[in-house]
Structure formats: structure tokens, C-alpha cells
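Asker: Here's my sequence, what's the structure:
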Amino acid sequence: MQAHKPPKVSTLSALTLGAIGVVYGDIGTSPLYAFREALAHTAGGAIGRADIIGVLSLMIWALIVVVTLKYVLFLTRMDNNGEGGVLSLMALATKATGGRWTIVLLLGAAGAALFYGDAIITPALSVLAAVEGLKTVPGLDDVMQLPVILGMTVAILIALFALQSRGTASVAGLFGPVCAFWFLTLAALGLWHIAQAPAILAAFNPIAAVRFLATHGVPGLFVLGAVFLTVTGAEALIADLGHFGRQPIQLGWLGFVWPALTINYLGQGALALATLEAAEAAGRPFANADWFFLMAPGALRAPLVVLATFATIIASQAVITGAYSLTRQAIALGLLPRMAVRQTSAQQAGQIYMPAVNWLLLAGVLALVFSFRSSSAMATAYGIAVTGTMVVTTCLAFIIVWRGWGWEPFWTAALFLPFLAIDLVFFGANALRIAEGGWVPLLVAGVMGTVIATWLRGRKAAQARTAQQGMAIAELADALVRRPPMRVEGQAVFLTQDLDVAPSALLHNLKHNKALHRANIMLKVEPQQTPHVPAGERLSLERIDDNFARATLRTGYMDPVDVPSDLARAGLLSGPGGTSFFVGRSAIRRALKPTMPRWMAMFYGFLHRNAADPTAYFAIPPNRVVELGSQFEL
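Answerer: So this is what the prediction gives:
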């Protein structure tokens, strides 16, 4: 846990406003559907006063325990040099255990895989729920049929993803004010209806939540799964620590977002309670409805839909940006193959665009929209990915506090077991809905988990095979001293994964060109378990002899990689003849005695062939690169 200086008041205000626009976008759009869906799962559809208050009590206490106590007051203190998120927690747990616990890597990979399941559902569900609000506008109920709703939703989503390549720096300044106005609107609507039915304040009593679960049996668990929609987006509170810091995130939640959400949910419950009483007085059956949009007067409903659409776009943008950031971290930590990363802002290093991630997300989002066709149907698919990620987060946090902070196991367990029990109850409640749509995020997580597992095992097997087939660099250096080849001016930098083995590109250069440069550097780029490495500590050099040197370039998993700049900063690119960068291009063949299953070897070969060009990833100018091919068997 790092100690950070508190920001100045003006800076703190700006950061808090920014956090309101980015961190709370996802959880801030949950009122569009969370109460409606939770109420829809009550037993038999016969909803009574106790049901409304009980469901609302569950939602209020989920916000208190899961978001406020666990995330805001505790997990935000668990940062890795200022950075947060599931992979930062994995890095902290890895350091705490000395890298010896395989379970830490498995938990981190599982958390990353589950995040992608969440990332395709959030844009689809939130935008679709906002557009569906047009059905509540007087005069539009006949016009807003399913084809129109789907068409508008798809158009908004395609436009959102198509604009990603231009970056969000120019409009990001609007996110905070728009979301601040959104939360003020939530609070205003809630207060209006609470004043009309103050009896809804009984939902603050946790006994109402306990009584509801005790009297509803299995249907109560289905309700609990829908209640979890209230806290989706809580992971963003730790994922965006590096962008805003702990204090602005805590201040934004405790002083603004949490009260606004609570008041709005109470207002929706008050409207449902008043509607129930009116229906009973008139002898009509009570029907569940789109309570959020019905809170607004008919004349204000269309502007509310527009505001909700902007809020959902901002929430979707935050998830998309989070997917880029998580993918870049996963690549740096060796969990995924290299992908093209484009910087979209000269001022902000975090503003990036990843084409492959962008279009894969869009394909998944559109598939969900056309498969589920309504926000109610899609809501059943939402919770299991988020609850799974929360279970992973709690387990990693337990390891960090126990092994990293040095707490006694008993007190660590006493703190974390209640949180883990709540996470597991929510996970179990959502697992009951796998057949209804919960399989979607699990499928996405399974695919991503397979990719991560294949890449990790394939890289390990490839490095082992290269070491077996290669020649020790020390032996090669001695042989070249005894029988020196022709020398050419300049420096050669050979990118390698193993500094003890002569790179295949070096061996091929000697074999085919029969020449050796005056200075030869074996360079390994080694990501660290910290988000950033200071410039002066990034490069270390060890000389083998007069011809060869070994260099290690250490980078943080949030640092952009620029090999020429780091070498130039250390004075290694000076001298006559210029510098050439040698990169080995490896082709994979099937071995007679394979090191991994056939399907996995084929899949790894596919990932290996389609990984981004290393020269672009390491920011090496193309006109200074020499690529030499080689083969190895798996």
C-alpha cells in the first residue's frame, strides 16, 4: 500500500468531477433496469408492499456492504504504486508470494477473462435500456416497436465504436459535467417520489431484506441475482485508481454518487408503493413497470431518455477504455499475444486505441443485442461475470493482506470471509440463471481463458525448445574470439527472450552474411510487476566480452515501450555505422514428440502468426530493422 500526498483542493475537485464521469458511469446507469428486474423475479408475480420494501432493502444494503465498505473504504487502499484493477492485484499478490503460487496467476487470468464477458454486456444492456425508455414517452408507444428500438440501439453502438480510433480526449472533459447532471437528476426524481410515499424509508431496516429472503425461498435467490445489478460497475472503483487516485474516488462516491443512487432507488420504490396502493384501491392487479422513466412527468420523459442515452454512452465508453487498458496490461504481463496499440493523445499516455479489441467487442455487443432483443432478457446474462470477478478480487486481496501486509491469518480471514461469503451468495444466485443467458459471459470468459492458457503454455514450451536447440552465448563468444569473422561498422541489437542463449537472428546473420558488427547487444524486454519503472532504472547492461553485451530493459505494465529511446537515453546508440535491430521471425512446426496437445499447438501457432509486429510494438523504426526467419518444433 502506497502513501500518496493529498491533492490540492482545486486539483481534488477536478479529479473528483472526472471520476464521477468515468468511474461511476456503469454503476450510475443501473437505476435504468435494476429495480425493475429485481421486482420482476418475486414469487408468482403477486407483488405486495413487503416485496417492494424487501427488494429495495436488499439493493440499499448491497450498495452499503459491497460497494461502500468493501470497495470504497478498503480495496481502494490496495494499490500497486497508484494503479489498481484485477491485474494490479495479481501483480501485488505475485510479489507478496514471491511468484511461487500458481493460484495467483490463475486468479488473475480468470479475473481478466471474466472482465471481457462484462465488457460486451455493459454497452449492449445500458444503451438498449435507455432507448427502450422512449416507449414510456406519451405518443411514442405505438412508434417504438422492437425493430425501431433495435435499429436505434445498433446505430448508437456502431457510431460509438467507430469513433474510438479518434480518441476521446476532445470530449472527455464533458463526461464529468454530464454525469454530474445525471446524478443530480437521479436524486431530484427520487426526492420527489419519496415525499409522496415516505413509508418507503422502511427499506433502510436490514430486517426487511432478511425477512424477504427468509420467506421467498428459491425465488428469493433469483431476486438476489437481479439485485446484484445494483452494484455492477463497482470494479471500476479500483480499476481507475491510476487515473484519479483514491481520495477523489472515495469523495465522489461518499459525497455524491452513493446518496444520489440511494435516493433514486428509494424514489422508484416509493412510486411502486404508491402505484400498488392505487391499484388496490381501484381493485386492479398491480403490474411491474419501467419505474425509472415513469418517475418523470410525461412532458419531461423524452429529455430524460436523451440524458439517459448520453449517460449510457459514457458508461460504455468507460468499459471500452477499460478493455483497452486491461488488454495492454495483459500483454505486458505476458498473458496475451502482442496487439497493435495506437496512442490517441499526445498529452495523456492512457488514451490508447486497440483496433482488434475494438472490433471484437463491437461484434460481441451486436450479437448480444440481436440475440436477446430486450434489456430484461439481457439482464439475466449480466451478473455472473461481475460476481465472478468480485470473487477473484476478494481472493487476491486476501493473499495481499495476509502475505504482503503481514496480517495474522485469523484476523485476515475474519475480515475477508464475510465479504467472500456475500460474493459467493451473489455468484450462486446468478449461477441459477445460467440457462437464461448467464452462459454468455461464461462463454466469453472461457474463450479468453483458453487464449491466455494457450499463450502462456505455448510461450513456455517455445522458450524451452529454443534453449534446447540454441547455443549458449558465452560459448559463441569464445568461439568467435578464436575464429573471428569479418567485422562491419555499427551496432547490432538482437531482441531475445533468453539472454543466456544466442538469438537465432545472430546465428543466421553469421551463417548467411559471414559478418559480425563491431558492437553487439543482446536485449531482453522484461515487464515488471509494477505499473511504472523510472527512466533511470529501466536499463541494465552486462558486458560478456569486447564483442557482446547483455542488456535488460525493464518496463512497467502500464509503460509504453520505446526501445530506441531507452537505448539512446543510456548512450548505447552512439558511434559510427549506425544501429541495426535484428528480429527473429519464428515458424512453428509439429514435433515428432510434441510438447503440448495438437489442438493447443495449432492454436498457439495461430496466435503466434497473428501477433502484432514486434518492431511496431517496441517502437523501432522499420528502416532500421533486419528480420531473419527460423523454425522450431512444438
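Asker: Just the element for Trp258, please.
Answerer: Under DSSP states H and E, the secondary-structure element containing Trp258 is helix 258-282.
Asker: What residues sit buried inside that helix?
Answerer: Neighbour counts using 16 or more other Cβ atoms under 10 Å place 258, 260-273, 275-276 of helix 258-282 among the buried residues. The way it works is simple: take the backbone N, C-alpha and C, and place the C-beta from them, glycine included.
Asker: now stretch 401-419
Answerer: Neighbour-count burial for stretch 401-419 flags 401-404, 407, 412, 416, 419 (criterion: 16+ other Cβ under 10 Å).
Asker: Which member of those residues is positioned nearest Ala377?
Answerer: Of all those, Phe419 has the smallest distance to Ala377: 30.6 Å, by Cβ to Cβ.
Asker: the bottom helix or strand of this structure by mean pLDDT?
Answerer: Ranked by mean pLDDT, DSSP states H and E, the helix or strand of the chain with the weakest confidence is strand 625-633, at a mean of 75.
Asker: Name the surrounding residues that touch that one.
Answerer: Surrounding strand 625-633, the residues in contact under the criterion Cβ atoms under 8 Å, 6 or more residues apart in numbering are 462, 465-466, 469, 504-505, 508-509, 512, 580-592, 615.
Asker: Can you flag the buried ones in those residues?
Answerer: 462, 465-466, 504-505, 508-509, 580-584, 588, 615.
Asker: Who are the packing partners of the helix or strand hosting His216?
Answerer: For His216, the enclosing helix or strand under DSSP H and E is helix 206-227. Applying 3 or more Cβ pairs under 8 Å, 6 or more residues apart in numbering; DSSP states H and E, we find helix 206-227 packed against helix 34-40, helix 49-62, helix 409-431.
Asker: Can you give me the buried ones in the longest strand that the chain contains?
Answerer: Counting residues, the longest strand found in the chain (DSSP state E) is strand 515-527. Within strand 515-527, the residues that qualify as buried are 516-517, 519-525, 527, counting by 16+ other Cβ under 10 Å.
Asker: Columns distance to Gly605 and pLDDT on top of these, output as TSV?
Answerer: Below are these laid out as TSV (distance: Cβ to Cβ, whole Å; pLDDT from 0 to 100):
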residue	distance to Gly605	pLDDT
Leu516	32	89
His517	32	89
Ala519	35	88
Asn520	30	90
Ile521	30	91
Met522	26	91
Leu523	25	91
Lys524	23	92
Val525	23	90
Pro527	23	86
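Asker: and which of those residues is nearest to Arg482?
Answerer: Lowest distance from Arg482 to these (Cβ to Cβ) belongs to Leu516, with 13.4 Å.
Asker: my guess is the closest one meets Arg487, correct?
Answerer: Yes. Counting by Cβ atoms under 8 Å, Leu516 does reach Arg487; the two are 5.8 Å apart.
Asker: wait, what's in contact with the closest residue to Thr42 other than its chain neighbours?
Answerer: Distances taken as Cβ to Cβ, 6 or more residues apart in numbering put Asp51 closest to Thr42, at 4.7 Å, once the chain neighbours are dropped. Neighbour list for Asp51: 39, 42, 212 [criterion: Cβ under 8 Å, 6+ apart].
Asker: Can I get the buried ones among those as something I can paste into ChimeraX?
Answerer: Applying 16+ other Cβ under 10 Å to the contacts of Asp51, the buried members can be selected in ChimeraX as follows:
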select :39,42,212
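Asker: biggest helix in this structure by residues?
Answerer: For the chain, the helix with the greatest residue count under DSSP state H is helix 298-332.
Asker: after that one, next one along is what?
Answerer: Moving toward the C-terminus from helix 298-332, the next element (DSSP H and E) is strand 342-343.
Asker: what lines up beside that next one in the sheet?
Answerer: Note on strand 342-343: by DSSP bridges, its sheet partners are strand 352-353 (antiparallel).
Asker: and the following helix or strand past the strand it pairs with, what other elements does it pack with?
Answerer: Remark: after strand 352-353, the chain's next helix or strand is helix 355-372, criterion DSSP H and E. Counting contacts by 3+ Cβ pairs under 8 Å, 6+ apart, helix 355-372 packs against helix 102-132, helix 146-162, helix 298-332, helix 439-469.
Asker: hmm, try it at 7 Å
Answerer: Under the contact criterion of 3 or more Cβ pairs under 7 Å, 6 or more residues apart in numbering; DSSP states H and E, helix 355-372 touches helix 102-132, helix 146-162, helix 298-332.
Asker: Taking their axis directions, it and helix 298-332 sit at what angle?
Answerer: When axes from the mean of the first three to the mean of the last three Cα atoms, to 10 degrees is applied, the directions of helix 355-372 and helix 298-332 differ by 140 degrees.
Asker: Tell me the buried residues in helix 355-372?
Answerer: By neighbour count on 16+ other Cβ under 10 Å, the buried set for helix 355-372 is 357-358, 361-362, 364-366, 368-369, 372.
Asker: hang on, the earlier thing: reformat the helices and strands packed on helix 206-227 as CSV; add mean pLDDT and distance to Gly99.
Answerer: Putting the helices and strands packed on helix 206-227 into CSV (pLDDT from 0 to 100; distance: least, Cβ to Cβ, whole Å) gives the following:
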stretch, mean pLDDT, distance to Gly99
helix 34-40, 90, 40
helix 49-62, 94, 36
helix 409-431, 90, 21
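Asker: could I get the ones you listed as a markdown table with distance to Ile200?
Answerer: Compiled in a markdown table, the helices and strands packed on helix 206-227 are given as follows (distance: least, Cβ to Cβ, whole Å):
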| stretch | distance to Ile200 |
| --- | --- |
| helix 34-40 | 11 |
| helix 49-62 | 7 |
| helix 409-431 | 24 |
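Asker: Out of the ones you listed, the one nearest Val218 is which?
Answerer: For the helices and strands packed on helix 206-227, distance to Val218 was read as Cβ to Cβ. The smallest value, 9.9 Å, belongs to helix 409-431.
Asker: from the middle of its chain, how far away would that closest one be?
Answerer: A distance of 22 Å separates the centroid of the chain from that of helix 409-431, by Cα atoms, centre = their mean, to the nearest Å.
Asker: counting contacts, what elements does it pack onto?
Answerer: Counting contacts by 3+ Cβ pairs under 7 Å, 6+ apart, helix 409-431 is packed against helix 206-227, helix 383-399.
Asker: any idea of the angle it forms with helix 383-399?
Answerer: Going by the same axes, to 10 degrees, helix 409-431 makes 170 degrees with helix 383-399.
Asker: neighbouring contacts of helix 409-431?
Answerer: Surrounding helix 409-431, the residues in contact under the criterion Cβ atoms under 7 Å, 6 or more residues apart in numbering are 65-66, 70, 221, 224-225, 228, 383-384, 387-388, 390-391, 394, 397-398, 401-402, 438.
Asker: Then stretch 20-32?
Answerer: By Cβ under 7 Å, 6+ apart, the residues outside stretch 20-32 that reach it are 122, 126, 129-130, 175-176, 178-180, 182-183, 186, 229-234, 236-237, 240, 243-244, 249, 252, 256-257, 261, 264-265, 268, 292, 308, 311-312, 314-315, 318-319.
Asker: just the buried members of the residues you listed?
Answerer: Taking 16+ other Cβ under 10 Å as the criterion, what is buried in the contacts of stretch 20-32 is 122, 126, 129-130, 175-176, 178-180, 182-183, 186, 229-234, 236-237, 240, 243-244, 249, 252, 256-257, 261, 264-265, 268, 292, 308, 311-312, 314-315, 318-319.
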